[in-house]
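Q: Build me a model from this:
(2 chains)
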There are 2 protein chains.
Amino acid sequence: MDPSEVTVPPLKNLTIDNITDNVKLINSQCPNPRMKYILERIVQHLHDFARETRLSHDEWMTGLLFLTSVGQICTDVRQEFILLSDILGLSLLVDSIDHPKPPQSTEGTVLGPFHSHEAEVAPNGSIIAHDPDGEPCLVLCDIKDTDGKPISDVKIDIWETDSKGFYDVQYAGREGPDQRAVMHSDKEGVFWFKAIVPVPYPIPHDGPVGKLLVQLKRHCYRPSHMHFMFEKKGYDHLITALYLRGDPYETSDAVFGVKDSLLIDLGTVDAEQAKKYDVKEGSKLITYKFVLVTEDESSKLREKNAMAAMEAQGRKMKFWNGLPIPEQD
Amino acid sequence: MDPSEVTVPPLKNLTIDNITDNVKLINSQCPNPRMKYILERIVQHLHDFARETRLSHDEWMTGLLFLTSVGQICTDVRQEFILLSDILGLSLLVDSIDHPKPPQSTEGTVLGPFHSHEAEVAPNGSIIAHDPDGEPCLVLCDIKDTDGKPISDVKIDIWETDSKGFYDVQYAGREGPDQRAVMHSDKEGVFWFKAIVPVPYPIPHDGPVGKLLVQLKRHCYRPSHMHFMFEKKGYDHLITALYLRGDPYETSDAVFGVKDSLLIDLGTVDAEQAKKYDVKEGSKLITYKFVLVTEDESSKLREKNAMAAMEAQGRKMKFWNGLPIPEQD
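A: This next block holds a predicted model:
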């Protein structure tokens, strides 16, 4: 850009007190109003944080080197920034904001860093976990809408760890996906499969996020759970998980994902079920009735919540592509 | 950590409204009170940012992938997170907070990502820049304290780009340091050397920070400048730079570093100087009188500023290793 094309007033002699407004000013040239608003809030919070804490140069450098190490440990199958977001509660917060759920529907929870796009499509009844040391578990679920009507042909992503608490992608020498599948609900909204009983496991703690948890005297465990992700046109994307009630980490999940409505009691397969689903009588059983919200219900609730939050801020806002931006600049 | 050792109340059913306090609560186990305070403020600002903007899942992911790419482009000689901090005005802010300067002393400015520890010690009069295309420039400086007394034996780090606007570390095949040196002031507080006239240059813009600037419609140029860093026991560390007045980017520095007190007019070497310093008459000249602050002056001013900021926040604070922490938890 030719300096003569710079349209903001001169930026010079910036101080603790005037730098924030000036950085916002130069960023205000951004043509995308949503990005402009997001940058404005990032700059305000980042600067307020530094001013409030009187952040020292050494602390600033420690922070930047920490973020660098978080970025550098990321690979195709490891996302340490998601993990950082998870342990700071940001992931759960963003899911709650973006996917608000009416009371009668299934609540969402954290995605976590281990969803992959490698899972194979499996028909109802498939064995999706092949760890011989895992305790077999029959999983019987159905999906309804908020009026109680079954929803067919929902795409369901399912993933869990093996019996040692590791996802397939955590093994360097893995041959292919395991403990994960993509299924589709049938006409009655039913999907069912054979997996293993989830176990508690530590989130990856050999990297910078694990070291941070140690410094904070926090443990790195997640309670036993199985992940589910639901997609169907017209319905709000649902990322959730089922948690085993009574797990030792039930009330101290390292990533804040547990909700009462997502806690399940591990059941036992009876004789009739054993015959019907071709599994051993007495083996473990998970059942759950998922309730999806339509996109329309969800976006209305999202806008309503956003409006209330904007009003509380006392700033005049409007919506742009469904997301708030300031009414005028 | 055994789950029975977890001492915080149960964390479950976290929502948009209660997650922040709960994340702060679990982090409050951190034994380092300063780190605890910093994390508390990070969590508060991060969550407030998401709530205020109603951050969407897609935007959250875009942000995490952006930070990942910033981390991944970093090398031993490239620090993209410093660059990101620079273009967001955070670097200048942190320097202003950590190194407050009384009016009569030399102001600080951004360190930038190109300081290296490779520079060789050079005696007064050394040629520190060897680019044959650079315009030779004699640099005559002295260092005094706020009472006007010369300060001897100050360690001075000096670095600038070559005539093409690149630092030595930006060349893959470089043989050793150039356009940089470590000097020491003599008994009269004087240090002088032969360098080249600084030129404007783009900050590295082939990475994620450069792409961000494009999206914000900001240019990536810094006005012509030469970096200086001063260290001597008993004196506050001074990171600063001298800027050429009239540079086309003087009022739109991509990293907000320019201050009136650091602007200089390029002079011309007269006959006497040419003889004395063994340079051509009529060649370019930079002169500057630096004024250092004692550590004592600086820390008193820093604490005074911090106190005022804390009072404005309405929170009762105390100092811990010279930095504020909450009075009680």
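
Q: In the stretch 151-300 of chain A, what residue spans correspond to strands?
A: A:155-159, A:180-184, A:190-196, A:201-202, A:221-222, A:225-231, A:238-244, A:263-264, A:267-268, A:284-292 (DSSP state E, counting those that start in this stretch).

Q: Which one, of those, ends up nearest to chain B?
A: strand A:221-222 (7.2 Å; CB to the nearest CB). Backbone N, C-alpha and C define where each C-beta goes, glycine included.

Q: For the closest one, which helices and strands make contact with it?
A: Identification of packing neighbours for strand A:221-222 by 3 or more CB pairs under 8 Å, 6 or more residues apart in numbering or on different chains; DSSP states H and E yields strand A:201-202.

Q: Show me what the strand it packs on is in contact with.
A: Strand A:201-202 is contacted by residues A:Thr161, A:Lys164, A:Gly165, A:Phe166, A:His219, A:Cys220, A:Tyr221, A:Arg222, A:Ala254 when judged by CB atoms under 8 Å, 6 or more residues apart in numbering or on different chains.

Q: Might you list the low-confidence residue ranges for chain A?
A: A:1, A:329 (pLDDT under 70).

Q: and the residue in it that chain B sits nearest to, what is it in contact with?
A: Using CB to the nearest CB, the single residue of chain A nearest to chain B is A:Gly71, 1.3 Å away. Residues in contact with A:Gly71 (CB under 8 Å, 6+ apart) are A:Glu80, A:Phe81, B:Leu67, B:Thr68, B:Ser69, B:Val70, B:Gly71, B:Gln72, B:Cys74.

Q: Closest one of those to A:Leu11?
A: Taking CB to CB as the measure, A:Leu11 sits nearest to B:Val70 out of those, at 23.2 Å.

Q: what's near enough to touch that closest one?
A: A:Leu67, A:Thr68, A:Gly71, B:Glu80, B:Phe81, B:Leu84, B:Gly207, B:Pro208, B:Val209.

Q: Quick check: it is in a helix.
A: Yes. Applying DSSP: H, G, I helix; E, B strand; the rest coil, one finds B:Val70 inside a helix.

Q: any idea how far B:His115 is from it?
A: In this view, B:Val70 and B:His115 are 19 Å apart by CB to CB, to the nearest Å.

Q: One more: A:Pro132?
A: 56 Å.

Q: who has more neighbours, these two?
A: B:His115 (18 against 7; other CB atoms under 10 Å in any protein chain shown).

Q: Spatially, what comes nearest to the more buried one if we skip its sequence neighbours?
A: The shortest distance from B:His115 to any residue other than its chain neighbours is 6.2 Å, reached at B:Trp159 (CB to CB, 6 or more residues apart in numbering or on different chains).

Q: ok, that neighbour - how many residues close by?
A: 26.

Q: need the contact list for it.
A: B:Trp159 neighbours (CB under 8 Å, 6+ apart): B:Phe114, B:His115, B:Ser116, B:Ala119, B:Tyr167, B:Gln179, B:Arg180, B:Met226, B:His227.

Q: With distance to A:Lys12 added, can I get these in JSON lines?
A: Formatted as JSON lines, the contacts of B:Trp159 follow (distance: CB to CB, whole Å):
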{"residue": "B:Phe114", "distance to A:Lys12": "22"}
{"residue": "B:His115", "distance to A:Lys12": "23"}
{"residue": "B:Ser116", "distance to A:Lys12": "28"}
{"residue": "B:Ala119", "distance to A:Lys12": "29"}
{"residue": "B:Tyr167", "distance to A:Lys12": "24"}
{"residue": "B:Gln179", "distance to A:Lys12": "25"}
{"residue": "B:Arg180", "distance to A:Lys12": "26"}
{"residue": "B:Met226", "distance to A:Lys12": "18"}
{"residue": "B:His227", "distance to A:Lys12": "18"}
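
Q: With respect to chain A, which of those residues is nearest?
A: The closest of the contacts of B:Trp159, once distances to chain A are taken by CB to the nearest CB, is B:His115, at 11.6 Å.

Q: and the nearest residue to A:Lys280 once chain neighbours are set aside, how many neighbours?
A: For A:Lys280, ignoring the flanking residues on the chain, the nearest one in space by CB to CB, 6+ apart is A:Ala274 at 6.2 Å. Neighbours of A:Ala274 under the rule other CB under 10 Å: 17.

Q: Go through stretch A:68-75 and flag the buried ones.
A: A:Thr68, A:Ser69, A:Val70, A:Gly71, A:Gln72, A:Ile73, A:Cys74 (16 or more other CB atoms under 10 Å in any protein chain shown).

Q: same thing with stretch A:281-300?
A: A:Ser283, A:Lys284, A:Leu285, A:Ile286, A:Tyr288, A:Phe290, A:Val291, A:Leu292, A:Val293, A:Thr294, A:Glu297, A:Ser298.

Q: Show me which pair in those is furthest apart.
A: The most widely separated members of the buried residues of stretch A:281-300, counting by CB to CB, are A:Ser283 and A:Glu297 (37.5 Å).

Q: what does the helix or strand hosting A:Ser91 rub up against?
A: In the assignment (DSSP states H and E), A:Ser91 maps to helix A:90-98. Contacts with helix A:90-98, where a contact means CB under 8 Å, 6+ apart, come from A:82, A:85-86, A:108-112, A:239, A:255-257, A:302, A:305, B:14-16, B:19-20, B:46-47, B:50-51, B:54-57, B:60.

Q: need the next SSE after it, C-terminal direction.
A: Past helix A:90-98, further along toward the C-terminus, the next helix or strand under DSSP H and E is strand A:136-145.

Q: Against which helices or strands is that next one packed?
A: Using 3+ CB pairs under 8 Å, 6+ apart, strand A:136-145 is in contact with strand A:190-196, helix A:271-277, strand A:284-292.
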